[in-house]
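Asker: turn this into a structure:
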Amino acid sequence: MRSLVTLLCACVLAQQFLFGQNALAASLAKIHQAYRSLRGNPNIEKLVMLDQELRRLLPPAGPFASANDLRPEYEEIGLTRGAFESGILVYSGKLLVDAHKIDPNSPYRSYTLYATVFPDGREDRTAVPSPAAARRYVEEFPDGPFGLEANLALAHFYDDLFKVIQRLVAGARNAKNYKYNCYSRYLSDRPLREQLSLAQQSALSFYRRALAHRPEARNVRESIANLERGSSPGWFFCFD
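Answerer: As a prediction, the model looks like this:
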């Protein structure tokens, strides 16, 4: 009887998965068609709406989705395979970049300004974000639609910078590796231990701001606890 129940549960889960994939494929096709209807007549409001729908459906903001639904023509709306997980379909944020280019001071600036946080306009890659652009966003729109994401970008940036400086302080032989190359421009002439403390406190400050946007975020709480102990496992940006 148990094996039969297990088999039935597996069948139900498989049906739910297939239904979800079919629904995703239909949604992506609809979004792509809507995007193409804007050719020759770009519309910031519609681009923002399509961007929000893609973020709901896909990483980096949405849940994981199979790259089986990727079509070559979907590249024009910013859909690609994951940089390190080719079986995952991800969204780069391209439509928000397009909207911001049309008019950076539109009534939808609280959305489109976030497109400047990642210098290459690709949120699905691991490039280091611009802390200046992220600060500009959270200062201009502290309760904006990307308040959580911008604060997390800053928290993760300073968290990584903390780890780079921590290795320099420890005198690690391999401290000046490719991670150092990514963050060296953000080092100053101040004593390293002072910079270490500043990076740690900055990261904690932005983690707490992110937590204010999403109090139930367990991963943010874990990052805060780790950083308070002076131990931050893993990296957020700058992968080889």
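
Asker: burial of I31, as a residue count?
Answerer: 20 (other CB atoms under 10 Å). In this view, the C-beta of every residue, glycine as well, is placed from N, C-alpha and C.

Asker: cool, and F239?
Answerer: F239: 13 neighbours (other CB under 10 Å).

Asker: skip the chain neighbours and tell me the closest residue to it.
Answerer: T126 (4.4 Å; CB to CB, 6 or more residues apart in numbering).

Asker: quick one: secondary structure of the one you found?
Answerer: coil (DSSP: H, G, I helix; E, B strand; the rest coil).

Asker: assign the residue most central in space within the chain to helix, strand or coil.
Answerer: By CA atoms, centre = their mean, the chain has its centre lying nearest to P60, at 4.8 Å. Secondary structure, three-state DSSP: P60 is coil.

Asker: please enumerate residues in contact with the strand or helix carrying L47?
Answerer: According to DSSP states H and E, L47 maps onto helix 44-57. Residues from elsewhere that reach helix 44-57 (CB atoms under 8 Å, 6 or more residues apart in numbering): 24, 27-28, 31, 34-35, 38, 61-63, 65, 77-79, 91, 93, 95-96, 98-99, 102-103, 106, 108, 111-112.

Asker: would you mind checking those residues for buried ones?
Answerer: 24, 27-28, 31, 35, 61, 65, 77-79, 91, 93, 95-96, 98-99, 108, 111-112 (16 or more other CB atoms under 10 Å).

Asker: go ahead and confirm I165 touches L187.
Answerer: Yes: at 7.3 Å, I165 counts as touching L187 under the criterion of CB atoms under 8 Å.

Asker: where does the prediction get shaky in this structure?
Answerer: Low-confidence segments of the chain (pLDDT under 70): 1-21, 240.

Asker: okay, now the domains of it?
Answerer: Domain assignment of the chain by automatic domain parsing yields the ranges 14-125, 148-228.

Asker: so how far is the first one from its chain's centroid?
Answerer: In other words, domain 14-125. 13 Å (CA atoms, centre = their mean, to the nearest Å).

Asker: how about residues contacting the strand or helix carrying Q195?
Answerer: Secondary-structure element containing Q195, defined by DSSP H and E: helix 192-213. Residues from elsewhere that reach helix 192-213 (CB under 8 Å, 6+ apart): 138, 147-148, 151-152, 154-159, 161-162, 165-166, 168-169, 187-188, 190, 217, 220-221, 223-224, 227-228, 230, 232.
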